[in-house]
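Student: Coordinates only, no sequence provided:
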């Protein structure tokens with residue numbers, strides 16, 4: 001190649017559609033680049049000119065987080081009203097309201113900022129790279145550093161890092177469904193093509209699409225928001241990818257805000273109509289609105305997710321995006337390879353056999369000749385695990401001198417293994433001067449290319465498969481005059497024999513599968529190995545095999561037939577990377593959430609296609625880049641723990657939602673109702689805000705709470721109708737006991753205004769904080785479901801603080817007064833009765849209600865989720881504090 005561009009050359013602005021219609025040489029000239037790429041200095045200059053190759057840039061600062069807490073219009077109105085109250089003479093009440101608001105804002109700020117820092121730390125550990133040509137050599141660089149004129153290499157499973165014009169293409173195909181919606185991969189070429197389309201560009205590849213097959217090199221034409229995919233991302237704005245649960249929470253919060261708005265306006269109008277002071281009515285109405293609004297909900301979600309990511313990291317599970325944790329909890333079907341997952345992953349050579357099954361070194365000798373490994377002083381490198389295993393066995397040392405090809409053979413040409421042919425071939429010249437073709441690979445593929453297969457060969461092969469051995473068949477033929485083999489030369493072969501390999505099942509694989517089954521995840525094996533071998537491994541670990549489908553059989557099925565077959569198939573055998581991807585896509589189309597676990601280059605396309613892509617630390621870089629989750633240990637048991645963590649987070653967040661729709665909502669509604677028939681405010685605005693603040697503090701322990709096993713045993717489900725029904729049952733129960741308190745205070749205790757407010761403050765705080773012990777579980781609390789220690793201490797502490805406040809030095813300032821002992825005796829009885837009634841109603845409610853049902857996502861929703869997932873890979877995150885600067889780039 002020529003020397004890279006190093007001078008201060010300025011590329012011409014070039015549309016991708018225009019580049020598609022021009023020869024490669026002309027495109028390179030306009031981009032001021034050459035096939036060997038740019039120099040580092042020129043690339044740095046262009047980065048300053050064009051900016052980073054990112055689709056969104058999100059900087060989190062202390063003031064930014066604080067502003068999000070303060071921009072609540074209800075909060076601003078309340079502070080304004082408090083200021084007016086203070087200015088007109090009531091400085092104490094105005095000051096108390098302001099102080100409580102500051103505490104509430106501080107509580108939300110601390111939790112949100114901690115979460116943002118956790119997210120930044122997570123992103124800082126993730127680096128997504130592309131293989132680019134800089135200074136005349138191929139280098140792995142951060143995707144965000146790519147500039148127009150850079151030359152990049154594209155391989156199977158790669159996410160195309162920018163809009164590019166191809167300069168080399170070898171059987172290259174790209175999955176462009178994220179842009180076009182087409183399920184069939186687009187064939188690519190380097191030839192210029194005249195077209196009016198902006199997306200049908202055979203000589204170009206688009207950012208965000210996936211290399212489905214083949215390889216190539218390309219020059220970057222556009223980066224960041226200038227790309228076709230970037231224009232989609234601009235439509236999404238800077239909003240981060242959102243899961244179905246988060247969207248549901250957002251809708252639910254909007255519903256409560258609307259209810260709060262209606263109540264606020266109604267209460268204000270009615271209080272004014274009753275000739276109550278205008279400012280007092282406004283403060284009271286706004287305080288009620290803030291009490292109903294689930295201000296802490298975003299913080300609860302953020303704390304839950306960040307806590308979950310740390311917990312998963314301790315379990316050696318790394319997540320690339322916090323929202324992936326919820327996706328992980330939704331998994332219903334897991335596709336995984338068997339090697340290293342069900343087996344030890346340590347493949348060792350076992351036997352060399354002739355077609356009749358008798359020991360002989362001939363197949364081993366040919367297997368060492370037809371081998372893609374490179375021998376070094378430390379052992380074989382490159383090639384696949386089977387090639388390496390041949391060289392590390394003692395038999396190899398016995399029959400060869402340690403060279404590749406073995407002494408006495410001269411290699412003339414090699415046709416590497418690929419997943420379509422499932423074969424490797426070499427042409428070699430022997431010591432006697434003969435030229436022969438040696439081919440090895442999958443027995444089924446090799447048999448189809450052999451002539452005169454010995455009668456015993458099939459029986460031998462089936463016996464080996466039945467033992468669970470991995471088998472490679474070896475065949476030869478004379479090849480006079482041939483130097484470089486092609487697929488067409490793999491014919492008229494004579495079977496030399498078989499090579500067998502052993503990969504023993506993991507001792508704990510069966511228990512790991514059972515653990516996944518117990519939490520509602522169907523495990524399916526998707527492998528390039530023989531179906532009989534895979535079935536034998538499954539049987540050895542106790543996994544029942546319902547049916548086996550081979551790659552050939554998969555190809556014979558249309559999409560509808562394959563969708564019907566997938567639920568009843570346990571093993572998919574002899575499948576190619578393209579078939580893996582198709583199986584995953586069709587499984588997702590049936591409405592289930594699909595995870596794919598793989599560690600090889602041939603798994604990358606399927607990893608992109610799944611709802612959750614899972615890889616391992618020892619995987620290839622391409623597989624890890626394609627994955628959403630990386631396991632530090634290739635262990636299905638660890639994955640099961642990760643799934644349960646995702647479900648635990650969902651369940652705990654739902655607890656807060658159910659609390660907000662029952663006791664808290666009921667108490668605020670009671671306050672609104674009481675103001676209609678009382679001649680005084682049932683609670684001062686400052687007392688409502690303080691009550692709400694203590695309630696919120698009591699809920700902060702929810703993210704760390706324990707979750708019952710039966711909740712973890714099924715995928716998470718957001719069902720807004722379930723939440724509405726829950727609110728319609730438990731909200732009124734809370735209000736009933738509030739009105740009972742009103743009766744006790746007014747009729748039995750003949751309470752003054754201050755005593756009424758103090759008594760109801762204590763009762764409402766006690767009931768709405770302590771009821772969490774009943775609502776947090778479907779079981780009988782404490783006896784059959786024990787909360788976490790923090791969950792026990794925090795709500796009880798808040799209830800005690802509420803009970804002590806009327807007796808504290810702050811009582812007069814806050815408008816409280818001491819309460820008689822008789823009140824507390826009645827209160828204890830009321831709380832016990834309330835909790836018992838809620839417990840009884842809970843059992844009746846759940847007996848009549850099925851578990852929350854998660855409606856299947858529509859095709860459009862699934863497509864949008866996939867777009868959001870890809871956009872997140874090109875996001876740039878920065879968190880600034882006065883003492884540190886955390887930066888994370890994502891592809």
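Tutor: Thanks, I have the structure now. Values in this document were obtained by computation on a predicted structure and should not be read as measured data.

Student: Using the centroid of this structure, identify the residue furthest from it.
Tutor: residue 432 (59.2 Å; CA atoms, centre = their mean).

Student: Tell me the secondary structure at that residue.
Tutor: coil (DSSP: H, G, I helix; E, B strand; the rest coil).

Student: next one: residue 480
Tutor: Under three-state DSSP, residue 480 comes out as coil.

Student: I figured it hits residue 437, correct?
Tutor: No: applying CB atoms under 8 Å, one finds residue 480 not in contact with residue 437, separated by 10.1 Å. Heads up, the C-betas are built off the backbone N, CA and C, glycines and all.

Student: More neighbours: which of those two?
Tutor: Between residue 480 and residue 437, counted using other CB atoms under 10 Å, residue 437 has the larger neighbour count: 24 against 7.

Student: could you list every residue that touches the more buried one?
Tutor: With contact set as CB atoms under 8 Å, 6 or more residues apart in numbering, residue 437 has these partners: 425, 426, 427, 476, 477, 478, 479, 482, 485, 489, 490, 493.

Student: What lies in contact with whichever strand or helix holds the fifth one?
Tutor: In the assignment (DSSP states H and E), residue 477 maps to strand 470-478. With CB under 8 Å, 6+ apart as the contact definition, strand 470-478 has outside contacts at 347, 363, 366-367, 370, 386, 434-443, 446-447, 449-450, 461, 464-465, 492-503, 529-530, 533.

Student: Narrow the residues you listed to those in strands?
Tutor: Of the positions in the contacts of strand 470-478, 435-441, 494-502 sit in strands, assigned by DSSP state E.

Student: quick check, nearest of those to residue 143?
Tutor: Distance to residue 143 across these (CB to CB) is lowest for residue 441, with 35.7 Å.

Student: My guess is the closest one contacts residue 426. True?
Tutor: No: under the criterion of CB under 8 Å, residue 441 makes no contact with residue 426, lying 12.0 Å away.

Student: Rebuild the contacts of residue 437 as a markdown table, extending it with pLDDT, neighbour count and distance to residue 695.
Tutor: As requested, these are exported to a markdown table (pLDDT from 0 to 100; neighbours: other CB atoms under 10 Å; distance: CB to CB, whole Å):
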| residue | pLDDT | neighbour count | distance to residue 695 |
| --- | --- | --- | --- |
| 425 | 94 | 25 | 73 |
| 426 | 94 | 24 | 75 |
| 427 | 95 | 22 | 79 |
| 476 | 96 | 20 | 80 |
| 477 | 96 | 18 | 82 |
| 478 | 94 | 11 | 86 |
| 479 | 94 | 21 | 83 |
| 482 | 93 | 16 | 82 |
| 485 | 93 | 20 | 76 |
| 489 | 95 | 19 | 78 |
| 490 | 95 | 23 | 74 |
| 493 | 96 | 25 | 78 |
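
Student: Is it possible to get CSV of those residues that adds distance to residue 826?
Tutor: Below are these laid out as CSV (distance: CB to CB, whole Å):
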residue, distance to residue 826
425, 90
426, 92
427, 97
476, 96
477, 98
478, 103
479, 100
482, 100
485, 93
489, 95
490, 91
493, 94
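
Student: Out of those residues, flag the one nearest to residue 11.
Tutor: residue 485 (42.5 Å).

Student: show me the contacts for that closest one.
Tutor: So residue 485 contacts 413, 414, 415, 425, 426, 427, 437, 479 (CB under 8 Å, 6+ apart).

Student: Over to the third one. Which of the three states is it?
Tutor: Following three-state DSSP, the label given to residue 415 is strand.
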